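> sequence unknown, structure follows:
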């Protein structure tokens, strides 16, 4: 279906024609993938309940705060009949650079999704425009836009909408486009025809499980967030467990290893979305350079960036760990010494740990 698909009018319009129009409108707004699903998530609800019961969510209490609303769209937004799921590519053609950065202990590694501007606002604006354009054709309808902003099982819904399957690393994978894409949803009360769910194609591959630096993927399709570097460097507020610090390497905000080794990402679609281009040289910066940012500079440089959510204190905590894993160069040791008297006990403790990792001078 292309953007030339003729408009439809009124809620009584043919549902199949309206679904086609939705796809055309989504493509016109820059979404590379779109699908429609129902709201039945029974098996996923059972999986979520078991995951929560095992405490694998760490300190992310919000994961359990809404009961079953996460897996029951009609309870979260009464009247919901269908979910429109969209995907927006953010992949970069920089595989060799990524591995080079990870191998260079003096440089900082930032998850690819966080190098540029925060995707949430961009996607929310586009999804809202999509809803407005649908409304312009069919009249008022019940809907609500989500971009990681409410208790939504977005990967399960996207799978049911045909956008991809949930891989063993728990990320969504599209066999024609890999896993480097963001997800967003519109809950609607329109009785649209649903797409066929995506089938799984991980097979016997365990590359994502084998490569995880902290062995956070404890079984296929089962992630222990308490061991996950993304959780530890972004969501977790307290000290990073000492036994996991060496495995973090130079990853200061998030981790991409499980996606980097996924063979399906050879089909990933590269995007040159201006908002997703690297800012502040985050794809090339050294650890001492970033550790030198005072709070006002951190806030200025991370305006509109997902990195800001970590806050300056955790930013320094994370970089201190990476400096503890870095080669013992004058720049690394000097950076650590400069923060030895930091007012935050959290930062000081991680700095002292890092200094103990280096031979005495």
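Cool, got the structure. Bear in mind that the values here come from a model prediction, so they are computed numbers and not experimental data.
> only C-alpha atoms from now on, for both contacts and neighbour counts.
Fine.
> any weak-confidence spans in the chain?
Along the chain, segments meeting pLDDT under 70 span 1-6, 8-13, 361.
> measure residue 356 to residue 335 for me?
If you measure residue 356 against residue 335 using CA to CA, to the nearest Å, the figure is 14 Å.
> and these two? which has more neighbours close in?
A count of neighbours by other CA atoms under 10 Å puts residue 335 above the other of residue 356 and residue 335, at 20 against 11.
> the closest residue to the more buried one other than its chain neighbours in helix, strand or coil?
Counting by CA to CA, 6 or more residues apart in numbering, residue 288 is the residue found nearest to residue 335 once chain neighbours are left out, at 5.5 Å. The three-state label for residue 288, taken from DSSP: H, G, I helix; E, B strand; the rest coil, comes out as helix.
> what residues of the helix or strand hosting residue 353 count as buried?
Assigned by DSSP states H and E, residue 353 belongs to helix 345-356. Residues of helix 345-356 classed as buried under the neighbour-count rule (16 or more other CA atoms under 10 Å) are 346-348, 350-355.
> looking at these, spot the one nearest residue 322.
Residue 322 lies nearest to residue 354 out of the buried residues of helix 345-356, by CA to CA, at 8.1 Å.
> next one: the residue nearest to residue 335 from residue 257, what distance?
Here the criterion is CA to CA. By it, residue 288 lies 23 Å from residue 257.
> let me see the contact set for residue 201.
Taking CA atoms under 8 Å, 6 or more residues apart in numbering, we find residue 201 in contact with 165, 175.
> mind running it again at 6 Å?
Contacts for residue 201 were tallied using CA atoms under 6 Å, 6 or more residues apart in numbering; there are none.
> tell me which helix or strand it sits in.
When the helices and strands are read off by DSSP H and E, none of them contains residue 201.
> equivalent analysis for residue 134, please.
helix 119-138.
> got the contact list for the helix or strand that that helix is followed by?
Next helix or strand after helix 119-138 toward the C-terminus (DSSP H and E): strand 143-146. Contacts with strand 143-146, where a contact means CA under 6 Å, 6+ apart, come from 184-188.
> same deal with stretch 288-296?
Taking CA under 6 Å, 6+ apart as the criterion, the residues outside stretch 288-296 that touch it are 312, 335.
> quick one: end-to-end length of it, please.
Per CA to CA, stretch 288-296 runs 17 Å from first to last residue.
> now that stretch: how far from the chain's centre is it?
A distance of 25 Å separates the C-alpha centroid of stretch 288-296 from that of its chain, computed with CA atoms, centre = their mean, to the nearest Å.
> tell me how far the closest residue to residue 206 other than its chain neighbours lies from residue 39.
Distance criterion CA to CA, 6+ apart; nearest residue to residue 206, sequence neighbours excluded, is residue 168 at 7.6 Å. When distance is defined by CA to CA, residue 168 is 23 Å away from residue 39.
> these two: who's more crowded?
Neighbours per residue (other CA under 10 Å) separate residue 168 from residue 39, with residue 168 holding more: 23 against 17.
> tell me the phi and psi of the more buried one?
As for residue 168, its main-chain torsions (degrees, to the nearest 10) stand at phi -70, psi -20.
> and residue 337, by the same measure?
Geometry field for residue 337 lists phi and psi as phi -60, psi -30, criterion degrees, to the nearest 10.
> next: residue 173.
Note on residue 173: backbone dihedrals following degrees, to the nearest 10 are phi -130, psi 130.
> contacting residues for it?
Contact partners of residue 173, counting by CA under 6 Å, 6+ apart, are 164-165, 179.
> run the last query once more with 7 Å
Taking CA atoms under 7 Å, 6 or more residues apart in numbering, we find residue 173 in contact with 164-167, 179.
> if we can go back for a sec, isn't the residue nearest to residue 206 right up against residue 220?
Yes - contact status for residue 168 versus residue 220: in contact at 4.6 Å, counting by CA atoms under 7 Å.
> could you point out which element follows the host helix or strand of residue 299?
Secondary-structure element containing residue 299, defined by DSSP H and E: helix 295-301. Helices and strands here follow DSSP H and E; after helix 295-301, the next one along the chain is helix 311-325.
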